[in-house]
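[1] okay, predicted coordinates and the sequence, questions at the end:
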Amino acid sequence: MKLFHKLTFRKKIFAGNLLLLVITLIPSLILYQQTINSTIETNVSYMNQINGQVELNVETIFSFFDRVNYLHYADGELRKILVSDNSKKDELQLFTDSLYVQNSLNHAFRASQFVLRGGIINKYGDVFCSISSDTKNYREYVDSLSMRVDWIDKDQIYFSPIHETRVQLSKHSVVTMLQRMYYYGSYVGLLCVDFNFEKITEGFDQSYTSDFASSYCVLSEGELLYNSKEAYLSEEELKESEVIDKISQMAEELSSDKGRHSGKIRIHGQEYLITAAKNNRTGWTIVQYVPMNVINGIAFSAIRGMLLVMLCVICLSIALSAVLSIQITKPLTHVIAAMEETTKGHLKLIDIPDSESNPEMLELLGHYNSMAQRINDYIYATYIYELNNKRIQLKMLRYQINPHFMYNTLNTISALAEIEGMENIVQVAESLSKILYYNVKGKDVVLVKDEIEYVNNYQQIQNIRFPGRFETVLNISDEARQCYMLKFLLQPLLENAISHGLSDKRTGARIEICAEVIEKDLMISVMDNGIGMDEETCEKWNRRLKDGDVDDRSEREDDNGIGLVNVNSRIKNFYGQAYGIKILSKKNEYTKVILRLHAMGTIDDKPEDAPITGLPEGRKDE
């Protein structure tokens with residue numbers, strides 16, 4: 001923040017515009033993140049659909065097996081052959097039965113293009129194969145597979161791993177399916193079907209197109225059965241134990257948690273999005289996977305046009321910000337250069353170019369020139385005034401009357417009046433001479449007792465002017481008398497009380513002046529029992545005094561020219577805004593003016609928050 005404050009105005013404008021641009025970029029970043037999330041959701045949904053389709057294809061491949069397994073229920077002759085012992089048959093019967101079973105199996109296998117061969121070994125160990133040339137070694141082949149199975153369930157189906165075997169003397173990669181056959185709970189034999197995995201792979205390949213963003217693979221018990229063409233991970237990479245374990249674990253989690261549709265794993269330093277579906281018949285797991293950078297690329301492609309437009313807008317905004325900041329600050333540089341001329345005692349007017357079209361700048365420069373012209377005129381007028389004033393002062397020095405001469409003259413008048421026995425004139429002359437001496441006394445901060453004595457002299461003159469009309473009561477604590485206060489605060493209040501508060505009261509008028517120290521405050525009040533004022537007028541005055549309102553109304557409203565508002569203003573300027581005057585009054589009963597001042601133990605004991613410019617400077621004694 002401190003660094004920002006040190007920047008020039010032009011750089012601040014430019015930085016502010018850049019900040020606005022950054023703020024406008026935030027919604028774009030949010031939109032981009034939302035687009036990525038939406039892309040992920042769309043791809044996850046699409047990948048799950050593909051998984052579902054592949055899983056359905058797998059189910060379709062092996063679903064016909066149910067019909068073969070229950071073939072002996074529908075064919076009584078087949079059932080009769082399977083439950084009989086070949087060792088008790090002659091050769092013709094053996095040939096006839098084997099041919100019948102072979103034809104029945106081949107007829108059933110015609111429904112699937114994926115079946116290479118199949119056969120049944122009944123409970124007596126008799127072998128019936130769909131391909132007669134493979135019958136000799138078929139039992140040994142089936143036994144090698146069935147020995148891997150723990151038959152614990154009548155409906156149990158076993159799918160072997162992918163292996164190679166010879167069918168009609170040709171090598172084939174096959175997946176063998178084994179299931180026991182029963183007839184109403186009675187064991188009949190073992191059904192064995194070899195599926196051509198090469199054909200199954202062709203089916204998987206047909207399920208995948210280059211339009212897919214993802215690749216997919218098929219796993220069985222932690223082994224890789226198939227990986228799609230042009231996959232992101234090669235078969236060698238997928239067969240790595242660490243990789244296949246990660247994929248298998250994630251696939252197992254996704255298959256078991258129906259509420260979870262996708263997951264992420266990291267392979268060789270790259271993050272992949274994973275979906276999985278498991279075929280319950282085969283136990284095979286279909287896994288879709290796609291790198292996250294591909295997802296991000298798809299999301300970026302979706303909003304590429306918008307991002308390019310935003311980039312152009314940003315570049316244009318930066319250029320416009322630079323131009324705008326120059327246009328705004330260029331006139332200000334002229335103003336600064338002109339203001340630097342003030343050190344020479346003259347404000348230079350700015351020539352406004354015709355090319356300037358900014359209305360705000362035109363208004364600013366116009367106001368500056370107007371202000372500069374007024375200041376220059378004022379400087380000139382002040383110079384002429386000071387020059388004339390000096391001339392007048394030189395003349396006045398010739399006729400100046402020393403204040404001490406006035407003071408001595410009043411003392412002479414007082415002595416003559418005392419000789420002639422004129423006591424009233426003596427008293428007035430003495431009081432007036434003391435007032436005059438107090439006025440020319442050097443300091444603006446005096447003791448409270450001196451201010452009270454000054455008020456007493458003023459009150460004695462008023463008593464002679466209005467004999468018997470009012471009495472003045474002083475209630476000043478000793479602590480308050482030793483405090484210092486600003487000069488000339490009480491006399492205007494006393495004069496207001498006489499001139500306004502007691503103007504209509506001919507007898508019984510009373511003025512009470514009280515002063516006491518309360519904590520750190522010096523509280524002085526002037527109270528009269530005159531006409532008072534209503535509540536609305538009193539509140540209006542208090543609001544005006546609180547606001548520190550000072551204008552020529554105070555002079556118009558007070559004959560003496562130094563009214564309550566001006567006294568209040570002097571207090572606030574000297575002591576601070578926390579101090580001042582408050583009025584309490586009741587119509588036709590009383591008016592009480594309360595002065596709250598800081599209790600000054602010494603002449604320099606000013607309040608901590610007193611304004612510096614409000615401190616009046618003391619004058620030297622003459």
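    Yep, that arrived. Residues are numbered from 1 along each chain as shown.
[2] let me know how buried Val313 is, in neighbour terms.
    Residues contacting Val313 under the criterion other Cβ atoms under 10 Å number 12. Yep, even glycine has a C-beta here, placed from its N, CA and C like the rest.
[3] check the gap between it and Gln34 for me.
    Distance, Val313 to Gln34, by Cβ to Cβ, to the nearest Å: 20 Å.
[4] repeat for Asn196
    From Asn196 to Gln34 the distance is 47 Å (Cβ to Cβ).
[5] Ile352 and Leu364 touch, don't they?
    No. Ile352 is not in contact with Leu364 according to Cβ atoms under 8 Å; the separation is 10.1 Å.
[6] Leu219 in helix, strand or coil?
    With DSSP: H, G, I helix; E, B strand; the rest coil as the basis, Leu219 sits in strand.
[7] contacting residues for it?
    Shown in contact with Leu219 (Cβ atoms under 8 Å, 6 or more residues apart in numbering): 225, 244, 247-248, 251, 284-285, 287.
[8] can we see that at 6 Å?
    Contacts for Leu219 (Cβ atoms under 6 Å, 6 or more residues apart in numbering) come out as 248, 285.
[9] got it, and Cys129?
    Contacts for Cys129 (Cβ under 6 Å, 6+ apart) come out as 119, 135, 138.
[10] try it again at 10 Å.
    Counting by Cβ atoms under 10 Å, 6 or more residues apart in numbering, Cys129 touches 98, 101-102, 105, 117-121, 135-139, 141-142, 192.
[11] and for Asn227?
    Contact partners of Asn227, counting by Cβ under 10 Å, 6+ apart, are 201, 204, 215-219, 233-239, 287.
[12] any idea which of those has the most stuff around it?
    Highest neighbour count within those: Val287, with 27 neighbours (other Cβ under 10 Å).
[13] packing partners of whatever helix or strand it lives in?
    Assigned by DSSP states H and E, Val287 falls within strand 285-291. Applying 3 or more Cβ pairs under 10 Å, 6 or more residues apart in numbering; DSSP states H and E, we find strand 285-291 packed against helix 9-63, strand 215-220, strand 223-227, helix 241-256, strand 263-267, strand 270-278.
[14] what do you get if the cut-off is 8 Å, keeping everything else the same?
    Contacts defined by 3 or more Cβ pairs under 8 Å, 6 or more residues apart in numbering; DSSP states H and E place strand 285-291 against helix 9-63, strand 215-220, helix 241-256, strand 270-278.
[15] so how far is the longest one off the chain centroid?
    Which is helix 9-63. Centroid separation between helix 9-63 and its chain, computed with Cα atoms, centre = their mean, to the nearest Å, is 24 Å.
[16] could you pull out the buried residues of the following helix or strand past that helix?
    Downstream of helix 9-63, the first helix or strand assigned by DSSP H and E is helix 65-69. With burial defined by 16 or more other Cβ atoms under 10 Å, the residues of helix 65-69 counted as buried are 65, 68-69.
[17] which one of the residues you listed is nearest to Met371?
    Checking those against Met371 by Cβ to Cβ gives Phe65 as the nearest, at 101.6 Å.
[18] helices of the stretch 351-500 of the chain, residue ranges please.
    Counting by DSSP state H, counting those that start in this stretch, the stretch 351-500 of the chain has these helices, from start to end: 359-399, 403-420, 423-440, 448-465, 478-481, 490-496.
[19] where among those is average confidence lowest?
    Mean pLDDT values for these show the minimum at helix 403-420, a mean of 62.
[20] quick one, phi psi at Glu230?
    phi 50, psi 40 (degrees, to the nearest 10).
[21] now do the contacts for Asp450.
    Asp450 makes contact with Tyr438 under the criterion Cβ under 8 Å, 6+ apart.
[22] try it again with 10 Å
    Applying Cβ under 10 Å, 6+ apart, one finds that Asp450 lies in contact with 438, 441, 443, 481, 484-485, 487.
[23] out of these, the closest to Ala515 would be?
    Minimum distance to Ala515 across the contacts of Asp450 is 7.6 Å, recorded for Arg481 (Cβ to Cβ).
[24] what's the domain layout of this protein?
    Per the record, the chain has its domains at 44-300, 342-392, 401-440, 444-598, by automatic domain parsing.
[25] residue ranges in the stretch 451-600 of the chain under the pLDDT threshold?
    Where the stretch 451-600 of the chain drops to pLDDT under 70, the residues are 548-562.
[26] quick one, which of Asn196 and Gln34 is more surrounded?
    With neighbours defined as other Cβ under 10 Å, Asn196 and Gln34 compare such that Asn196 has more, 19 against 12.
[27] list the buried residues for stretch 572-585?
    Residues of stretch 572-585 classed as buried: 572-576, 579-583, 585 (neighbour count, 16+ other Cβ under 10 Å).
[28] with these in mind, which one is nearest to Ser146?
    Using Cβ to Cβ, Gly576 is the member of these that lies nearest Ser146, at 107.0 Å.
[29] how near is the closest one to Asn542?
    Separation of Gly576 from Asn542 (Cβ to Cβ): 18 Å.
[30] ditto for Ile531
    Applying Cβ to Cβ, the value for Ile531 to Asn542 is 18 Å.
[31] check Tyr590 too.
    To Asn542, Tyr590 is 16 Å away according to Cβ to Cβ.
[32] picking up where we left off before, nearest to Met527, out of the helices and strands packed on strand 285-291?
    Closest approach to Met527 among the helices and strands packed on strand 285-291 is made by helix 9-63 (58.0 Å; Cβ to Cβ).
[33] now the strands for the stretch 51-200 of the chain?
    For the stretch 51-200 of the chain, the strands defined by DSSP state E, counting those that start in this stretch cover 115-122, 127-129, 157-159, 163-167, 170-183, 186-196.
[34] which strands or helices does the third one pack on?
    The elements that strand 157-159 packs onto, with contact taken as 3+ Cβ pairs under 10 Å, 6+ apart, are helix 65-69, strand 170-183, strand 186-196.
[35] compare those and say which comes out lowest on pLDDT.
    Lowest mean pLDDT within the helices and strands packed on strand 157-159: helix 65-69, a mean of 80.
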